[in-house]
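Visitor: Sequence below, structure please.
(one chain, ligands or ions: 2)
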Amino acid sequence: MFSQALFKLLLLSLAMDAGAVSDLDLDKYDADKQVKIICLGDSAVGKSKLMERFLMDGYRPQQLSTYALTLYKYSSTINGQTVLVDFWDTAGQERFRSMHPSYYHKAHACIMVFDVQRKITYKNLPIWYKELREYRPEIPCLVVANKIDADTKVTQKNFSFAKKQGLPFYFVSAADGTNVVKMFKDAVQMALSYKRNSNDFMDEVMRELENFDLDTKEESSDKDEETQEGKPDSA
Ligand SMILES: Nc1nc2c(ncn2[C@@H]2O[C@H](COP(=O)(O)OP(=O)(O)OP(=O)(O)O)[C@@H](O)[C@H]2O)c(=O)[nH]1
Ligand SMILES: [Mg+2]
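Guide: Ligands and ions are numbered 1, 2, ... in the order given. Below you'll find the model as predicted:
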């Protein structure tokens with residue numbers, strides 16, 4: 001798990017990189033038209049490439065893992081009003097299997113990504129989902145099957161995790177752009193509608209829970225159950 005000190009260090013490095021400490025001020029997400037969308041999933045599933053594809057309409061196929069934490073900024077005009085979105089992206093998560101609570105804090109939606117070419121990344125979804133729900137029990141969560149360009153037949157397969165949890169599901173490709181804009185735009189809409197209807201009390205409770213010692217939380221027991229369900233090609 002990220003230690004508190006390590007996370008602070010990562011935040012500091014981000015602040016120095018970005019040259020803007022205010023980027024890390026979580027209070028800004030209380031403003032009406034400012035939303036935070038987090039990205040979860042194992043390393044190399046394509047989280048950063050999806051952001052690149054959506055925000056820059058570009059894709060460079062090199063193997064760079066995200067350094068620490070990256071905020072991608074996006075603004076859009078919806079019904080005549082400007083909405084500011086911060087997409088939070090982090091890296092190499094399976095090494096930690098757990099994110100610091102600050103990553104989840106005040107998030108309004110989550111994009112959970114797996115790689116259709118690596119079965120293990122699908123099998124790990126319940127672990128990510130369990131942790132997400134510990135911190136953000138009600139935010140919208142989109143399940144995203146990435147890299148369908150590598151084998152389009154994969155879209156015939158049944159990835160039942162999303163259906164079972166009642167979550168929206170998208171087949172996408174950061175490489176050729178399939179469904180990427182739709183998925184991100186849906187995520188922004190869902191984040192906004194959650195924000196309009198969210199219960200401040202729940203946020204308050206979550207804030208308090210963050211002060212507890214999180215090292216004692218249980219390991220996921222969902223893993224075996226999901227093993228039978230994913231039928232993507234083996235890595
Ligand atoms: N074929 C194919 N490859 C992809 C696609 N998206 C990402 N990749 C490749 O997958 C690798 C990992 O992509 P990243 O976006 O860096 O993955 P990530 O989830 O951000 O990884 P971390 O930053 O380590 O957590 C890169 O080599 C990409 O080129 C896709 O849609 N199709
Ligand atoms: Mg990355």
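Visitor: Now do the helices in the chain.
Guide: For the chain, applying DSSP state H gives helices covering 4-18, 47-56, 101-104, 119-123, 125-135, 160-165, 180-197, 200-209, 223-227.
Visitor: weakest of these by average pLDDT?
Guide: Mean pLDDT is lowest for helix 223-227 out of the helices of the chain, coming in at a mean of 38.
Visitor: Name whatever forms a beta bridge with the spatially closest residue to K33 that is not a sequence neighbour.
Guide: Sequence neighbours aside, V83 is the residue nearest to K33 in space, at 4.9 Å (criterion: C-beta to C-beta, 6 or more residues apart in numbering). C-betas here are computed from N, CA, C, even on glycine. On the basis of DSSP bridges, V83 takes part in beta bridges with S76.
Visitor: and V83, how many neighbours?
Guide: 19 (other C-beta atoms under 10 Å).
Visitor: Hmm, it is touching L192, no?
Guide: Yes. Counting by C-beta atoms under 8 Å, V83 touches L192, with 6.4 Å between them.
Visitor: Now do the shared contacts for the two.
Guide: V35 (C-beta atoms under 8 Å, 6 or more residues apart in numbering).
Visitor: Check the gap between V45 and ligand 1 for me.
Guide: The gap separating V45 from ligand 1 is 4 Å, by C-beta to the nearest ligand atom, to the nearest Å.
Visitor: err, G166, not the other one
Guide: From G166 to ligand 1 the distance is 25 Å (C-beta to the nearest ligand atom).
Visitor: How many neighbouring residues does that residue have?
Guide: G166, neighbours per other C-beta under 10 Å, totals 7.
Visitor: Repeat that for the one 4 residues further on.
Guide: By the criterion of other C-beta under 10 Å, Y170 has 21 neighbours.
Visitor: show me the contacts for the residue nearest to G41 when sequence neighbours are not counted.
Guide: Spatially, and ignoring its direct neighbours in sequence, G41 is nearest to V113 (3.7 Å; C-beta to C-beta, 6+ apart). Counting by C-beta under 8 Å, 6+ apart, V113 touches 39-41, 45-47, 50, 144, 146.
Visitor: per-residue confidence for V113?
Guide: 97.
Visitor: what bridges to it?
Guide: V144.
Visitor: Same check on W88?
Guide: Applying DSSP bridges, one finds that W88 bridges with I38, L71.
Visitor: right, and it touches V35 too?
Guide: No. Contact criterion C-beta under 8 Å: W88 and V35 do not qualify, at 10.9 Å.
Visitor: what about those two, which has more around it?
Guide: V35 (24 against 21).
Visitor: my read: the more buried one touches V85, true?
Guide: Yes. Counting by C-beta under 8 Å, V35 does reach V85; the two are 5.3 Å apart.
Visitor: hey, what's in contact with both of those two?
Guide: Counting by C-beta under 8 Å, 6+ apart, the residues touching both V35 and V85 are 188, 191.
Visitor: model confidence over stretch 87-97, on average?
Guide: Rounded mean pLDDT across stretch 87-97 is 72.
Visitor: before we move on, back to that, check the spacing between the residue nearest to G41 and ligand 2 real quick.
Guide: 10 Å (C-beta to the ion, to the nearest Å).
Visitor: before we move on, what about Y194?
Guide: 24 Å.
Visitor: Likewise for S173?
Guide: 16 Å.
Visitor: Equivalent analysis for Q189, please.
Guide: 24 Å.
Visitor: Leaving out chain neighbours, which residue sits closest to that residue?
Guide: According to C-beta to C-beta, 6+ apart, the nearest residue to Q189 is I78 (7.7 Å).
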